[in-house]
Structures are given as structure tokens and as C-alpha cells.
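**Student:** give me a model of this one.
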Amino acid sequence: MMLCRPPELPGITWMLLAGDTFPGAICAIPSPVLAPGLFPPARGVTGPVHRAAAVGSSVLLPGLGNNTRSNSTLWEFLSGTGPRSILQHPGGAPGPAIHPPHTQRALPHPSDGSLLLENVQESDSGTYRVTGGAGGGDSLEIQLEVLQPVSLPRLWSSSLLARAPGQLVCEVAEGRVDSITWRKDGQPLSPGRAPRLSGSRSVLHLSPATRSDCGSYSCNASNGISWQETSLKVTIEGLSHRLKLTLRIAVVAVVFAVISAWGLIIPVCQSEKLRIRGELWRWLSCYTCGLVCIACVLDGTAGILWMWEEGPSVAVILPEITLSYLTVVTFLVATTVIFQPTDFSHLKSKKAQRTMGYAAPGAVVAVVLSSAFLIRSSYLRHEEGCSEFLDVTVLVASTAAVSALPLLAIGLCYLSFADHKTQGRSKDSDVCWMDRAGSFEMSQPGTKDTAPS
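**Tutor:** Model (predicted):
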């Protein structure tokens with residue numbers, strides 16, 4: 001018969017097996033069977049147990065169980081300077097002795113040794129220890145964390161422009177923040193775009209911003225006791241402030257060019273007898289050339305702003321040179337017509353006459369083509385974002401109304417003059433007809449007066 005003696009292990013029963021029943025067996029270790037209450041738990045520190053509570057609430061700290069009924073119970077707060085007694089409940093005593101600052105806020109439960117803390121504050125955070133039994137017994141440590149509930153996060157964005165970097169910021173004003181999670185259109189962000197938490201602030205970078213970044217973003221701030229979520233609809237602008245200004249200027253230039261074209265077409269479409277002449281022609285020519293000159297200046301300015309934002313381009317530089325030349329020519333024509341109209345009759349060079357005559361129509365065509373290119377380019381640039389396109393309806397209507405008023409005034413003056421001239425011709429015709437009729441009557445025989453006898 002051989003013996004085995006392994007190291008002592010608590011709660012394990014060892015038996016010696018001998019005889020022929022189990023040949024070759026030396027020893028066996030059956031599974032331990034512990035009856036409840038038969039073997040008390042080992043003495044020592046158990047835990048720690050974690051608890052979290054909101055500021056101003058009540059929290060129940062667990063005790064050691066029913067075995068504290070007949071034994072004394074000691075609750076302590078383990079601060080940085082050492083253990084600080086909260087209460088001591090001797091076994092069989094009528095009531096515990098509660099020490100400040102928990103005198104009015106600690107409520108023990110002798111049945112299980114638990115402790116109810118009321119109106120807890122952030123200063124109550126720390127480690128609590130409950131010890132049961134006289135002369136030192138089992139202990140349980142509880143980690144209590146008293147937190148301020150997180151406030152509603154503030155979610156805002158910087159100016160978000162297509163092709164430019166931008167950011168979304170989620171910031172919590174009150175309460176400790178353990179985590180901030182982001183969602184876009186209800187779905188979590190991809191791991192590569194997950195922002196990092198810095199204190200109570202989380203920043204989501206968009207570099208560069210694209211149309212795909214448009215949507216509804218939400219950030220959820222949370223800690224151990226609460227969470228708050230807020231959302232923001234993000235819109236990516238396709239046009240910057242400078243490009244929007246470029247678009248407005250190009251639209252005004254087109255309207256001025258179209259009104260100028262009407263001023264050039266109307267006199268050409270009239271018959272030779274009804275064509276505008278004299279002072280009305282001079283004012284009409286001056287206004288038409290002046291308006292198309294302003295259109296050239298505006299269109300040239302729009303092209304410069306576009307290149308300032310998007311960089312130099314041959315498609316813009318060449319029209320800029322043409323518009324500069326046409327601006328000078330139309331300005332000279334307008335000033336000459338208004339101040340020295342007789343100088344046109346002294347022009348002997350056919351080339352100069354053609355230049356002066358075709359400057360305004362050529363400028364209209366150049367402004368319309370150049371502005372159309374800028375407007376189309378602005379629209380394509382806008383499509384890279386998801387914002388609404390710039391509404392220029394009011395701008396077009398107001399610009400057309402203001403620029404057409406001088407033409408309307410000149411037209412009314414012409415109609416009044418033409419009506420007056422027509423009435424004068426009608427009166428002259430009536431007088432002439434009456435004279436002819438009288439002459440005809442006097443020429444008939446028998447119409448002469450006879451002398452009385």
C-alpha cells in the first residue's frame with residue numbers, strides 16, 4: 001500500500017483507497033461538496049464592487065450579508081490620508097454611531113450590513129470598506145463614483161465648402177464625459193473616420209469636404225450614469241462667397257448686355273421714315289453704348305474674381321483681353337456721341353467708322369458669351385456640394401427693370417413726337433384740301449356773283 005500526500009488545500013477531503021477493488025490506485029481526489037453554512041467563507045478582503053450614482057441621488061452600498069446580524073459592522077471611507085470611519089454598529093446595540101460628515105446622510109441596514117447614502121456629491125466618490133465581526137473579519141470594498149449627468153451636447157460645424165477642409169465639433173458643457181459616439185444618417189462612422197475624445201470635446205474632421213459628407217450627423221455623449229444625444233443636418237456649400245459674388249456680377253452683366261441689344265435692334269428694325277433721329281437718336285446711342293460699356297466692366301470683374309478663386313485659365317484670360325479693348329472703345333463712342341456728335345461726320349477712315357459702328361454689337365456678343373461661360377462654370381462648381389443653387393430671380397427682375405427705364409422713356413418721347421408730327425401733317429393736309437376745294441368751286445361757270453339791277 002502506498003500513500004500520497006499533496007499540499008493542504010482548504011475545502012477538499014482526502015481519502016485513502018486500499019484493497020483489491022482499485023488495483024494500482026494510489027489516491028483519488030473527489031470533487032468537494034460543501035453544504036451551505038457548514039463551511040464559513042475565508043477571511044479577507046472581497047471586491048472591489050463598483051457603483052455609480054448621480055449627484056443628489058441615493059445609492060445603496062452592499063454589505064456582507066446575513067452573518068452581520070450578531071457581529072459588529074464597521075464602515076470606512078478610504079481617503080488619501082487613510083481610513084475615515086463612517087459608522088460602527090456593535091452587535092446587539094440599539095443603534096450605530098454615525099460620524100460626520102455622513103451624520104444626516106447615512107442609513108445602515110443591520111439585516112444585511114448594507115449602507116444607504118443619501119444626497120451624494122462628487123466629493124463622496126472613492127473607496128468604501130465594510131468590515132464585519134469582532135477583532136477583524138471579512139471585508140468588502142466598494143468603488144463609488146458620483147457623477148454629474150452630462151448636459152445636452154452642442155453640435156456645430158465650421159464653414160463647410162466643397163474641396164476645402166472642415167470640421168464638426170461636439171462639445172459637452174457640464175458633466176464628465178466618458179465617451180462620445182458619432183453617427184451619420186443613423187449609421188456608425190467607419191473606423192477610419194472615428195474622432196478622438198479630448199476632455200468633453202470631440203472633433204470630426206472633413207478634409208476635404210465632398211458631396212458625400214452631406215447628411216444628418218448625431219453625437220452621443222455618455223458617462224456611467226447618463227447619456228445625451230443631439231443631431232445636426234450638415235450641408236456642403238458648392239460655391240464660396242467669392243464665387244457667389246462672381247455669379248451675381250455675371251448675371252447683371254448679361255442683363256445689361258441684353259437690354260443694350262434691344263437699344264441697338266429697335267432703330268435698325270424701323271423704316272426709314274420712322275427711324276429715330278436728332279436728339280433722341282443721340283440719347284439712345286449714348287445710353288446703349290454706356291450700358292454695354294458697364295456690362296463689359298462687370299463681366300471683366302467677374303472673370304478676375306473667378307480666376308482669383310479657381311486659378312488662371314485661358315478660357316477666361318482671352319475674353320478678359322477682348323473685354324478690356326471693347327470697354328475702351330464703347331466708352332469713347334458714348335462720350336463722343338453725348339459731347340461731340342459732329343465728330344462722327346469727320347471720320348474719313350473706313351476702319352475707324354467700322355470700329356465705332358460695330359463696337360457696341362460686338363461688346364454685347366462678347367459679354368453674353370463670357371458671362372454664359374462663368375454662369376455655367378459656377379453651376380458645375382455648385383454641383384460639388386449639396387446646398388440650394390443661388391436664386392437670382394429677384395436680381396434679374398430688378399436689374400432688367402432699372403436698366404430698361406431709360407429705354408422706355410426714350411420710346412415714350414419718340415411716340416409723343418411721332419404722334420405730334422403725324423397730327424401736324426394731318427392738319428396741313430386738311431387745309432390744303434379745303435383750299436383746293438374752294439378754288440375748284442370758284443372756277444365753275446355761273447358761280448360768279450351778278451350785280452343787282
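**Student:** okay, now residue 194: neighbour count?
**Tutor:** Using other Cβ atoms under 10 Å, residue 194 is surrounded by 13 other residues. In short, each C-beta sits where N, CA and C put it, glycine included.
**Student:** that one: what's it in contact with?
**Tutor:** By Cβ atoms under 8 Å, 6 or more residues apart in numbering, the contact list for residue 194 reads residue 182.
**Student:** dihedrals phi and psi, it?
**Tutor:** Phi and psi for residue 194, reported as degrees, to the nearest 10, are phi -70, psi 120.
**Student:** the one 10 residues further on now?
**Tutor:** Reported as degrees, to the nearest 10, the phi and psi values for residue 204 are phi -110, psi 120.
**Student:** secondary structure of residue 370: a strand, I assume?
**Tutor:** No. Inclusion of residue 370 in a strand is not indicated when DSSP: H, G, I helix; E, B strand; the rest coil is applied; the result is helix.
**Student:** that one - how many residues pack around it?
**Tutor:** The number of residues packed around residue 370, counting by other Cβ under 10 Å, is 27.
**Student:** doesn't residue 323 make contact with it?
**Tutor:** Yes. Residue 370 is within contact range of residue 323, at 6.6 Å (criterion: Cβ atoms under 8 Å).
**Student:** now the common contact residues for those two.
**Tutor:** Common neighbours of residue 370 and residue 323 are listed as 299, 303 (criterion: Cβ under 8 Å, 6+ apart).
**Student:** same for the helix or strand harbouring residue 253, what does it pack against?
**Tutor:** Element membership for residue 253 (DSSP states H and E) is helix 241-269. Of the remaining helices and strands, those touching helix 241-269 by 3 or more Cβ pairs under 8 Å, 6 or more residues apart in numbering; DSSP states H and E are helix 278-310, helix 350-382, helix 393-442.
**Student:** where among those helices is the average confidence lowest?
**Tutor:** Mean pLDDT per stretch puts helix 393-442 lowest among the helices and strands packed on helix 241-269, at a mean of 66.
**Student:** burial check on residue 304, number of neighbours?
**Tutor:** 14.
**Student:** next one: it from residue 289, what distance?
**Tutor:** Distance from residue 304 to residue 289, counting by Cβ to Cβ, to the nearest Å: 23 Å.
**Student:** do residue 216 as well
**Tutor:** For residue 216, the distance to residue 289 (Cβ to Cβ) stands at 54 Å.
**Student:** just residue 256 next, same as before
**Tutor:** Using Cβ to Cβ, one gets 12 Å for the distance from residue 256 to residue 289.
**Student:** same deal with residue 87?
**Tutor:** Taken as Cβ to Cβ, the span from residue 87 to residue 289 is 100 Å.
**Student:** so for those two, which sits in the more crowded spot?
**Tutor:** Comparing residue 87 with residue 289 by other Cβ under 10 Å, the one with more neighbours is residue 289, at 27 against 20.
**Student:** wait, doesn't that one sit right on residue 337?
**Tutor:** Yes. At 6.7 Å, residue 289 and residue 337 qualify as touching, with contact defined as Cβ under 8 Å.
**Student:** isn't residue 385 right up against residue 211?
**Tutor:** Yes. Between residue 385 and residue 211 there is a contact at 6.1 Å, judged by Cβ under 8 Å.
**Student:** quick check: neighbours shared by the two?
**Tutor:** A shared contact of residue 385 and residue 211, defined by Cβ under 8 Å, 6+ apart, is any residue touching both; here these are 162, 236.
**Student:** more neighbours: which of the two?
**Tutor:** When neighbours are counted by other Cβ under 10 Å, residue 385 and residue 211 differ, and residue 385 comes out ahead with 22 against 12.
**Student:** for the residue lying closest to that one once chain neighbours are set aside, list the residues it contacts.
**Tutor:** The shortest distance from residue 385 to any residue other than its chain neighbours is 3.1 Å, reached at residue 238 (Cβ to Cβ, 6 or more residues apart in numbering). Contact analysis of residue 238 by Cβ under 8 Å, 6+ apart lists 161-162, 381-387.
**Student:** 10 Å - rerun?
**Tutor:** Contact criterion Cβ atoms under 10 Å, 6 or more residues apart in numbering gives 161-163, 211, 244, 378-390 as the residues in contact with residue 238.
**Student:** how about residue 73?
**Tutor:** Listed by Cβ under 10 Å, 6+ apart, the contact set of residue 73 reads 63-64, 87-91, 96, 108-110, 112-115, 130-133, 137.
**Student:** how far away from the center of its chain is stretch 152-170?
**Tutor:** 7 Å (Cα atoms, centre = their mean, to the nearest Å).
**Student:** export it as PDB, just CAs?
**Tutor:** Output for stretch 152-170, consisting of C-alpha atoms alone and laid out as PDB, is shown next (Å, rounded to 0.1, in the frame of the first residue of the first chain):
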ATOM      1  CA  LEU A 152     -27.100  68.100 -23.900                       C
ATOM      2  CA  PRO A 153     -24.100  68.300 -26.300                       C
ATOM      3  CA  ARG A 154     -23.700  71.300 -28.500                       C
ATOM      4  CA  LEU A 155     -23.000  70.100 -32.100                       C
ATOM      5  CA  TRP A 156     -21.800  72.700 -34.600                       C
ATOM      6  CA  SER A 157     -19.800  72.900 -37.700                       C
ATOM      7  CA  SER A 158     -17.300  75.300 -39.300                       C
ATOM      8  CA  SER A 159     -17.900  76.800 -42.700                       C
ATOM      9  CA  LEU A 160     -18.200  73.700 -44.900                       C
ATOM     10  CA  LEU A 161     -17.100  74.200 -48.500                       C
ATOM     11  CA  ALA A 162     -16.500  71.600 -51.200                       C
ATOM     12  CA  ARG A 163     -12.800  70.900 -51.800                       C
ATOM     13  CA  ALA A 164     -11.900  72.700 -48.500                       C
ATOM     14  CA  PRO A 165     -11.200  71.100 -45.100                       C
ATOM     15  CA  GLY A 166     -13.900  71.500 -42.400                       C
ATOM     16  CA  GLN A 167     -14.900  70.000 -39.100                       C
ATOM     17  CA  LEU A 168     -17.800  69.100 -36.900                       C
ATOM     18  CA  VAL A 169     -17.500  69.700 -33.200                       C
ATOM     19  CA  CYS A 170     -19.400  68.000 -30.400                       C
END
